[in-house]
Each structure stands twice: as structure tokens, then as C-alpha cells.
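Visitor: Here is my input; please provide its structure:
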Amino acid sequence: MGDDMGVEAATINDHSSSGDHRKEIDIYPLSCYYFGSKETIVFKDETLSDRISRMKSNYVAFGLRTSVEAVILVELFKHPHLLLLQVRNSIFKLPGGRLRPGETDIDGLRRKLSRKLSACEDGNETEWEECTKLFLVRLPESRKFIVPKNLKLLAVPLCQVHENHKTYGPIIPGVPQLLSKVSINIIDI
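Guide: Below you'll find the predicted structure:
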């Protein structure tokens, strides 16, 4: 992935003490990007209950799990849209995944975005601990996205995900509120 995709050094929900200092991000039309497909990703778990069992045993063995996820914005119909992965036609996920032991947040996010767009379901049960960090990713003016065949990469309007916990789970509906701290410049090409 290199430095083409500007992974922010701070999480979106960074509570900096500088009062009026707002981050800015330029977003480009969806038509500037190319979307292709690659081989499918093999999921470790067939069902949600299998995933919960695996997560519980991993928590007992390794402790806190840390994940990083990318907030990637594009413009469509003069409105910002969030790029989400759709898994099995029902589960929506931000691109990203679990950090390896000793890996920094930025390096892990770069690895996840460059090698694959990983996806996994979020369970409603929280009997293990997990720390998820969201990063605002600055896209260049054009980029090629190659997505595994068993995943769909969708551009979803921010207004659709806002407070829509039933469809998008516990994390994604909070992204519009976190983005209220960011000035979004829509670049017309």
C-alpha cells in the first residue's frame, strides 16, 4: 500500500484539546476509482456462534484483541459516502482487521488495506474484550480497489448509516458523529 493512501496518524475520535482546530479531508467522486475482484477469502468460522466460541477462547489465551478499521469516504451525487464491505449479503463492516502482537496501529491498518480487505461478523455478546480503533483514510484522486469475490464494497450515504444500529451494528452508525469534527471538501473533477 505504501504511502499512497494517507492513513491518519490519529484516530478519528481523538479528543484533542485545540478548540477550533478541525481536520480537513478532500473526497473525490466515486467515478475516479476502479473496482475489481480477486479470489475469495476463506472465513475461519461458518456461523456466528463458531466465531463467538473462537473469540472467547482467544481472549482467554491471549487477552485483549485490538482491531483497526478504515473510514474511507468518496463523493457520489454531491454527498459523502462511506465505503463498507458487505459480507454474506447481510453483515456490513469497515475495511480493516485485527492487529498482530507488537504491530503498531498504522502498520496494521496499512497491512490490512494493502493485502486484503478482511471481514468478520460482530456478535451481540461481549464476553471478551476488544479495542477497535477507527482511522480516517485520505484517498488519492484515483485508486484501484481489488475486493475478494465473496465480499461487496459498497458506497453508503452517511445519512443512511447514522444511528442505524439494526442494519450496521454498533460501530458504523457512530461514524457520522465522529466525522462532524472533520471538514469535508468535495472535489469536483
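
Visitor: for the longest helix along the chain, the distance to its chain's centre please.
Guide: Ranked by residue count under DSSP state H, the longest helix found in the chain is helix 48-62. Computed by Cα atoms, centre = their mean, to the nearest Å, the chain-centroid distance of helix 48-62 equals 22 Å.

Visitor: Against which helices or strands is the strand ranked longest in the chain packed?
Guide: In the chain, assigned by DSSP state E, the strand with the most residues is strand 65-76. The helices and strands touching strand 65-76, judged by 3 or more Cβ pairs under 8 Å, 6 or more residues apart in numbering; DSSP states H and E, are strand 23-27, helix 48-62, strand 79-87, strand 96-98, helix 105-115, strand 130-138, strand 151-157, helix 175-179. Glycine gets a C-beta too; all of them are placed from N, C-alpha and C.

Visitor: please redo it, this time with the cut-off set to 7 Å
Guide: strand 23-27, strand 79-87, strand 96-98, helix 105-115, strand 130-138 (3 or more Cβ pairs under 7 Å, 6 or more residues apart in numbering; DSSP states H and E).

Visitor: Between the ones you listed, which one is closest to residue 42.
Guide: For residue 42, the closest of the helices and strands packed on strand 65-76 is strand 79-87, at 12.7 Å, according to Cβ to Cβ.

Visitor: Give me the helices and strands touching the following helix or strand past the closest one, please.
Guide: Heading C-terminal from strand 79-87, the first helix or strand you meet, by DSSP states H and E, is strand 91-93. When contacts are defined as 3+ Cβ pairs under 7 Å, 6+ apart, strand 91-93 packs onto strand 79-87.
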